[in-house]
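> The sequence and its predicted three-dimensional model are supplied below.
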Amino acid sequence: MLVSAAEMLKAAKAGKYAVGHFNINNLEWTKCILQVAEELHSPVILGVSEGAAKYMCGFNTVAAMTKEILKTLGTTVPVALHLDHGSYDGAYAAMKAGFSSVMFDGSHYSIEENVTRTKQIIADAKALGISVEAEVGAIGGEEDGVIGGGEVADPDECKRIADLGVDMLAAGIGNIHGKYPANWAGLRFDVLAKIQEKTGTMPLVLHGGTGIPADMIKKAISLGVSKINVNTECQLAFAAETRKYIEAGKDLEGKGFDPRKLLAPGCEGIKATVREKMELFGSVNKA
Ligand code: 13P
């Protein structure tokens with residue numbers, strides 16, 4: 001059964017660990033992540049971008065597929081199906097389809113518009129028991145002439161959005177989606193500490209989990225991050241293992257071209273990445 005992410009994140013915040021959010025792209029991805037979560041007794045959040053939902057034939061298909069996989073695998077750990085970086089209309093479509101959690105990313109709107117829309121979504125989601133993640137706008141990606149830093153949020157704006165009653169808050173602290181540039185300035189722990197100070201017990205979300213060094217991840221968790229999003233790293237692991245299989249000519253041996261065999265090494269790559277992240281985030285044996 002799918003659950004809202006609210007309780008698992010409150011527990012993570014209190015226990016000083018983070019729940020992994022792993023993006024899914026197809027049935028194999030979903031199955032692999034759920035198998036590792038069960039094996040490690042870890043709560044997990046399955047992230048679905050609007051693009052990935054479209055690729056998988058829509059929100060209804062994704063929700064139905066995930067629910068059936070949970071039943072078939074006999075999953076017992078808490079699992080949230082979460083819309084990642086949703087638009088306003090996308091958030092409503094995902095809620096209607098049976099997602100148990102949604103992110104409304106109003107960070108590109110003015111703060112006033114972000115507040116108005118986030119407030120409406122919270123009211124409607126709460127009535128359905130669905131958790132909500134909001135995102136606060138950026139105040140520029142360049143600091144002291146250092147290019148290669150990610151966006152940095154304003155702690156006062158974070159408080160305004162947090163006070164609306166969201167269940168989790170994404171705030172830029174120099175993090176970036178995808179691979180980090182060689183000249184990346186690192187996470188802004190000073191800003192994270194200020195955001196935490198202003199938002200109290202609000203679980204904070206760290207996007208762009210790929211490629212952040214382990215010591216920075218641990219420090220971010222110690223300063224209040226309770227959900228960490230990982231996407232690119234699973235994709236890279238999947239691609240690398242698939243490439244090894246093909247370069248070794250395995251697809252040409254026996255029935256190596258069978259899609260179930262062809263996709264298996266990539267799936268093992270995803271599983272290894274998810275295991276490593278759950279251990280690093282401290283969510284193992286927390287379900
Ligand atoms: P990465 O692709 O950098 O891991 O970021 C994922 C993410 O933040 C999804 O919202």
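Thanks, I have the structure now.

> Any residues of the protein in contact with the ligand? List them.
Proximity of the chain to the ligand (CB under 6 Å from any ligand atom) is limited to residues 23, 47, 84-85, 177-178, 207-210, 229-233. In this view, the C-beta of every residue, glycine as well, is placed from N, C-alpha and C.

> let's see 8 Å
21, 23, 47, 49, 84-85, 103, 175-179, 206-211, 229-235 (CB under 8 Å from any ligand atom).

> Test my guess that residue 118 contacts residue 136.
No. Judged on CB atoms under 8 Å, residue 118 makes no contact with residue 136 at a distance of 9.7 Å.

> so what's in contact with those two at the same time?
residue 161 (CB atoms under 8 Å, 6 or more residues apart in numbering).

> Report the buried members of the residues of the chain next to the ligand.
21, 23, 47, 49, 84-85, 103, 175-176, 206-210, 229-235 (16 or more other CB atoms under 10 Å).

> Look through this protein and tell me its longest strand.
Taking DSSP state E as the criterion, the chain has its longest strand at strand 79-86.

> wait, what's in contact with the closest residue to residue 78 other than its chain neighbours?
In space, and not counting its chain neighbours, residue 78 is closest to residue 43: 4.3 Å by CB to CB, 6 or more residues apart in numbering. The contact partners of residue 43, taken as CB under 8 Å, 6+ apart, are 8, 11-12, 19, 37, 77-79, 283, 286-287.

> hmm, try it at 10 Å
By CB atoms under 10 Å, 6 or more residues apart in numbering, residue 43 lies in contact with 3, 5, 7-9, 11-12, 17, 19-20, 37, 77-80, 278, 283, 286-287.

> Please, where are all the helices along this structure?
Assigned by DSSP state H, the chain shows helices spanning 6-15, 27-39, 50-55, 59-73, 88-97, 111-128, 155-162, 189-199, 214-222, 232-247, 259-262, 264-281.

> Against the ligand, how distant is the residue of the chain most remote from its centre?
Most distant from the centre of the chain: residue 254, at 38.3 Å, with distances by CA atoms, centre = their mean. Computed as CB to the nearest ligand atom, to the nearest Å, the residue 254 to the ligand distance reads 35 Å.

> Mind pulling up the pLDDT for that residue?
Per-residue pLDDT puts residue 254 at 97.

> okay but residue 80 is in contact with residue 101, surely?
Yes. Here residue 80 lies in contact with residue 101, judged by CB atoms under 10 Å, at a distance of 4.5 Å.

> give me every residue that touches the nearest residue to residue 85 once chain neighbours are set aside.
Among residues not flanking residue 85 along the chain, residue 105 sits closest, at 4.4 Å (CB to CB, 6+ apart). By CB under 10 Å, 6+ apart, the contact set of residue 105 is 83-88, 90-91, 114, 118, 133-137, 170, 207.

> how about a cut-off of 8 Å?
By CB under 8 Å, 6+ apart, the neighbours of residue 105 are 85-87, 134-135, 170.

> quick revisit: for the residue farthest from the centre of the chain, grab phi and psi.
phi 50, psi -120 (degrees, to the nearest 10).

> Quick check: it vs residue 268, distance?
Going from residue 254 to residue 268 by CB to CB, to the nearest Å gives 19 Å.

> For the ligand, what's its nearest residue on the stretch 1-150 of the chain.
Going by CB to the nearest ligand atom, the ligand is nearest to residue 84 of the stretch 1-150 of the chain, at 4.7 Å.

> what sits opposite that residue in the beta ladder?
residue 49 (DSSP bridges).

> Does it touch residue 208 like I think?
No. Using CB under 8 Å, residue 84 is not in contact with residue 208; the gap is 12.0 Å.

> Need the overlap of contacts for these two.
With CB under 8 Å, 6+ apart, residue 84 and residue 208 have common neighbours residue 229.

> which stretches of this protein aren't confidently modelled?
Within the chain, the segments meeting pLDDT under 70 span 138-149.

> again, 90 this time
For the chain, the stretches with pLDDT under 90 are 1, 107-108, 137-151, 176-185.

> related to what we said a few turns ago, list buried members of the contacts of residue 43 by neighbour count.
Applying 16+ other CB under 10 Å to the contacts of residue 43 flags 3, 5, 8-9, 11-12, 17, 19-20, 37, 77-80, 278, 283, 286-287 as buried.

> Residue 25 and residue 232: what is the separation?
12 Å.

> mind listing what the nearest residue to residue 226 once chain neighbours are set aside touches?
Nearest residue to residue 226 in three dimensions, chain neighbours excluded: residue 203, at 3.7 Å (CB to CB, 6+ apart). Counting by CB under 8 Å, 6+ apart, residue 203 touches 9-10, 12-13, 167-169, 224, 226-227.
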